[in-house]
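> the following block contains a protein sequence and its predicted model.
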Amino acid sequence: MSDNQNNSSGVGLVVRGLRKSFGGQEVLKGIDIAVKPGEIFVIMGPSGSGKSVLLKHLIGLEEPDAGEIFINGEPLTTPEIAAKYRMALVFQSGALLNSLTVGENVGLYLTEHRLKPADEIKKIVEEKLADVGLKDAVNKMPNELSGGMKKRAAIARALVIEPQLILYDEPTSELDPVSAVVIGDEILDLNHRIHVTSLVVSHDRDLAFGIADRIAVIIDGEIVTVGTPDEVKNFNDPRVKGFLNADFKRDK
Amino acid sequence: MFENIGEIILLFWRTLLALPQAWRQRDKVFDQFFEIGNASLLMVCVLSFFIGAVISLQTGPILVERSLASAVGGVVGIAIAKELAPVMMAILIAGRIGSAMAAEIGSMRVYQEIDALRTMNINPIHYLVLPRILAIAVALPMLVVFSVLVGWFGGAMVADMNHRMEIPFRVFFANLRDIVELKDVANGVFKSFCFAIIIGVVSCHQGLVTIGGPRGIGRSVTKAVVNSIVLIVIFDYILTRFLLK
């Protein structure tokens, strides 16, 4: 790890009554969550429960049908307010631009907004890639990376923004258990090192209980429960129990 | 196609509004420009030569039979400069470059790369659309000028070598100079500029609205090429009508 310091400090996030429908089907049915500054908040739920759609609303890629989103108490209603806060989304697929090298991908935000001179951008890119253990990948193309490396490169790209809020969409999907642990440790490390607020959407129970300060369980577009990992484990609801304890029906 | 016409016009308008960003995006414009040139130059050369040759072969003997040999250079020259070079090159570029634009942007859309740009406050129109449209708007008229020259050469060569015409090079080009004016070439170049905008906007739009996986990308590519060609043919008539006045 490099010892570069990020200037970010986590922001609080509140979602109230968020609703969204696609083609008459209600995907989010009045979501209410409150994420404290600097915490790791995991939203868990089965596939198709609306987790990724919720993330897209938070980053501004989707417009809600109803409801409000507040960042540090300010309603996220205009691009100006959104621009005040530095938010980054780590996509499920990584979403690295395939026509650019890993280094160019990581430095894209700084290059396109001309925030730093080229040599400084190069230095920052190398630092951020070293932070996620991809120091040697700077000149590689995304298609030369494994799934786990792509996700770490995507995290490095998010770090360049010096985010106050990082949103992770299924960060361990399609990864082997070892790579999943590496990514989980990365999220924990970033949270401790730069005090960024992390909102993780995942259906990975091991990841959620391994890294979360608090967990929300979303099923069929509704938040069923919110609490610490222990509180969620002990929450007495058949749907939550069914999701958390899902297992094969193999004869013992 | 026609249900998307409003979106296509809106994309064109947004691209115009993004023009002040052109200098900032100059590296991408040059990259795209060279890609268009590299991908098309040889094909343009071959196609233009044979278009000139076949026009000469189709019209020359008929004119010679009617003692109008002196008109062959002019007929071939006008046909290529005003109509065949701009339209044929536009169709070629729609197939070769428009399809590539739709496929590249469509794939970026499907694989969330465009969403990733948006989360970094990078406007996809500035980053992806503007450089492509500027590059094609410069490259296609240049290719058309090149195509006109090669087409004339092809026509002259056939007129010289075909035993039913045997019109020497010098006579062919003297006649061509008598009839074809600079304005005629300029008309063709102007038309090709309009066709370039059509190909660029239609293909980028089709890429940006791509949904689904690889099949969606394939559908977008087909739509981009077909819609571009249909609009090129329609606008060819409208522009010709306007330019004839």
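It's in.
> all helices of chain B, in order?
Ranges of helices within chain B are B:5-17, B:26-65, B:72-78, B:85-93, B:99-110, B:113-119, B:124, B:130-161, B:169-179, B:182-208, B:214-244, based on DSSP state H.
> could you do chain A as well?
So, for chain A - with DSSP H - the helices run A:51-59, A:79-84, A:102-112, A:118-131, A:147-160, A:177-194, A:205-211, A:229-233, A:238-244.
> any stretches of the chain with poor pLDDT?
Using chain A here. Where chain A drops to pLDDT under 70, the residues are A:1-8, A:251-252.
> try again with chain B
Using pLDDT under 70, the flagged stretches of chain B are B:1-2, B:245.
> what residues does chain B put near chain A?
For chain B, the contact set with chain A under C-beta under 8 Å from any C-beta of the partner chain comprises B:24, B:104, B:107-108, B:111-113, B:115-122, B:127. Backbone N, C-alpha and C define where each C-beta goes, glycine included.
> mind checking which of the helices of chain B is nearest residue A:30?
Nearest of the helices of chain B to residue A:30, taken as C-beta to C-beta: helix B:113-119 at 24.8 Å.
> now the buried members of the residues of chain B next to chain A.
Applying 16 or more other C-beta atoms under 10 Å in any protein chain shown to the residues of chain B next to chain A, the neighbour count classes B:104, B:107-108, B:111-113, B:115-117, B:119-120, B:122, B:127 as buried.
> looking at these, which is nearest residue A:63?
Using C-beta to C-beta, those come closest to residue A:63 at residue B:115, 14.1 Å.
> most tightly surrounded among the helices of chain A?
Sort these by mean neighbour count, taking mean count of other C-beta atoms under 10 Å in any protein chain shown, and helix A:147-160 sits at the top with a mean of 25.
> run the chain-centre distance for it.
Distance of helix A:147-160 from its chain centroid, counting by C-alpha atoms, centre = their mean, to the nearest Å, is 11 Å.
> do stretch B:98-106 as well
That offset, for stretch B:98-106, works out to 16 Å (C-alpha atoms, centre = their mean).
> state the number of residues packed around the closest residue to chain B within chain A.
Nearest residue of chain A to chain B (C-beta to the nearest C-beta) works out as residue A:95 at 4.0 Å. The tally of other residues near residue A:95 (other C-beta atoms under 10 Å in any protein chain shown) stands at 24.
> so it touches residue B:112, yeah?
Yes. The criterion here is C-beta atoms under 8 Å, and residue A:95 meets it with residue B:112 at 4.1 Å.
> would you mind listing what in the stretch 51-200 of chain A touches chain B?
Near chain B, when you scan the stretch 51-200 of chain A using C-beta under 8 Å from any C-beta, you find A:56, A:59-61, A:83, A:87-89, A:91-93, A:95-99, A:108-109, A:112-114, A:161.
> can I get the CA coordinates of stretch A:137-151 in PDB?
Taking Å, rounded to 0.1, in the frame of the first residue of the first chain, the C-alpha atoms of stretch A:137-151 are listed here in PDB:
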ATOM      1  CA  ALA A 137      -1.100  -3.500 -14.800                       C
ATOM      2  CA  VAL A 138      -0.800   0.100 -15.800                       C
ATOM      3  CA  ASN A 139      -0.100  -0.600 -19.500                       C
ATOM      4  CA  LYS A 140      -2.300  -3.600 -19.800                       C
ATOM      5  CA  MET A 141      -5.600  -3.600 -21.700                       C
ATOM      6  CA  PRO A 142      -8.700  -4.500 -19.700                       C
ATOM      7  CA  ASN A 143      -9.200  -7.800 -21.600                       C
ATOM      8  CA  GLU A 144      -5.800  -9.000 -20.300                       C
ATOM      9  CA  LEU A 145      -7.100  -8.800 -16.700                       C
ATOM     10  CA  SER A 146      -8.900 -11.400 -14.700                       C
ATOM     11  CA  GLY A 147     -12.400 -10.700 -13.200                       C
ATOM     12  CA  GLY A 148     -10.900  -9.800  -9.800                       C
ATOM     13  CA  MET A 149      -8.200  -7.600 -11.300                       C
ATOM     14  CA  LYS A 150     -10.900  -5.700 -13.400                       C
ATOM     15  CA  LYS A 151     -12.800  -5.000 -10.200                       C
END
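> any idea which of the helices of chain A gets closest to residue A:38?
helix A:177-194 (7.3 Å).
> which other helices and strands does that closest one contact?
strand A:40-44, helix A:147-160, strand A:197-202, helix A:205-211 (3 or more C-beta pairs under 8 Å, 6 or more residues apart in numbering or on different chains; DSSP states H and E).
> ok, now with 10 Å
Applying 3 or more C-beta pairs under 10 Å, 6 or more residues apart in numbering or on different chains; DSSP states H and E, one finds that helix A:177-194 makes contact with strand A:40-44, strand A:87-90, helix A:118-131, helix A:147-160, strand A:165-169, strand A:197-202, helix A:205-211.
> the spatially most central residue of chain B and residue B:137, how far apart?
Nearest to the geometric centre of chain B sits residue B:90, at 2.4 Å (C-alpha atoms, centre = their mean). When distance is defined by C-beta to C-beta, to the nearest Å, residue B:90 is 12 Å away from residue B:137.
> what residues are shared contacts of these two?
B:192, B:194, B:195, B:196, B:199 (C-beta atoms under 10 Å, 6 or more residues apart in numbering or on different chains).
> who's in contact with the fourth one?
Residue B:196 is in contact with B:36, B:86, B:89-90, B:93-94, B:97-98, B:133-141, B:143-144, B:232, counting by C-beta under 10 Å, 6+ apart.
> try it again with 8 Å
Residue B:196 sits next to B:90, B:93, B:133, B:136, B:137, B:139, B:140, B:141 when contact means C-beta atoms under 8 Å, 6 or more residues apart in numbering or on different chains.
> that older thread, residue contacts, the residue of chain A closest to chain B?
A:154, B:111, B:112, B:113, B:115, B:116.
> if you set the cut-off to 10 Å instead, what comes out?
Counting by C-beta under 10 Å, 6+ apart, residue A:95 has contacts A:89, A:105, A:142, A:150, A:154, A:157, A:169, B:108, B:111-117, B:119.
> closest to residue B:69 among those residues?
Among the contacts of residue A:95, and counting by C-beta to C-beta, the member closest to residue B:69 is residue B:108, at 55.5 Å.
> which residue is the nearest non-sequential neighbour of the closest one?
In this structure, residue B:108 finds its nearest non-sequential neighbour in residue B:114, 5.1 Å apart by C-beta to C-beta, 6 or more residues apart in numbering or on different chains.
> re earlier: now the residue of chain A closest to chain B: how far from residue B:31?
Distance, residue A:95 to residue B:31, by C-beta to C-beta: 21 Å.
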